[in-house]
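> sequence-free structure coming up:
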């Protein structure tokens, strides 16, 4: 879900996750705030880089999932 896109994925040799659920939630709230603040600039970048549209789409999907969780 969201963790695979916005968080660091736990690697196979790690015994513990790199981020706790709490730190991931705090990071998610900051990411939501930043995207709301810079939404116009992000949309301008999407129009400048059409070949990266899939990456922007994944980011916006993760953002919408984070907003639903908050």
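Okay, I see it. Small disclaimer: the values here were computed from a predicted structure and weren't measured.
> tell me the contacts of residue 52?
Remark: with contacts taken as Cβ atoms under 8 Å, 6 or more residues apart in numbering, residue 52 is in contact with residue 46. (Glycine included, C-beta is placed from N, CA and C.)
> likewise the one 4 residues further on?
With contact set as Cβ under 8 Å, 6+ apart, residue 56 has these partners: 42, 45-46, 49.
> so it is in which element?
Element membership of residue 56 [criterion: DSSP states H and E] is helix 53-69.
> Could you dump the contacts of residue 56 into a markdown table with secondary structure, pLDDT and neighbour count added?
Output for the contacts of residue 56, formatted as a markdown table (DSSP: H, G, I helix; E, B strand; the rest coil; pLDDT from 0 to 100; neighbours: other Cβ atoms under 10 Å):
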| residue | secondary structure | pLDDT | neighbour count |
| --- | --- | --- | --- |
| 42 | helix | 83 | 15 |
| 45 | helix | 84 | 12 |
| 46 | helix | 86 | 16 |
| 49 | coil | 88 | 11 |
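> burial count for residue 28?
Summarising burial for residue 28: neighbours were counted as other Cβ atoms under 10 Å, giving 21.
> Could you tell me the angle between the helix or strand hosting it and helix 53-69?
When secondary structure is defined by DSSP H and E, residue 28 falls within helix 21-37. Interaxial angle, helix 21-37 versus helix 53-69 (axes from the mean of the first three to the mean of the last three Cα atoms, to 10 degrees): 120 degrees.
> Give the buried residues for helix 21-37.
24, 28, 31-32, 35 (16 or more other Cβ atoms under 10 Å).
> by contact count, what packs against that helix?
Packing partners of helix 21-37 (3 or more Cβ pairs under 8 Å, 6 or more residues apart in numbering; DSSP states H and E): helix 2-6, helix 53-69.
> Take the ones you listed and lay them out in CSV including mean pLDDT.
CSV is the format used below for these (pLDDT from 0 to 100):
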stretch, mean pLDDT
helix 2-6, 58
helix 53-69, 83
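> from the contacts of residue 56, which is closest to residue 64?
Proximity of those to residue 64 was ranked by Cβ to Cβ; the top entry is residue 42 with 13.6 Å.
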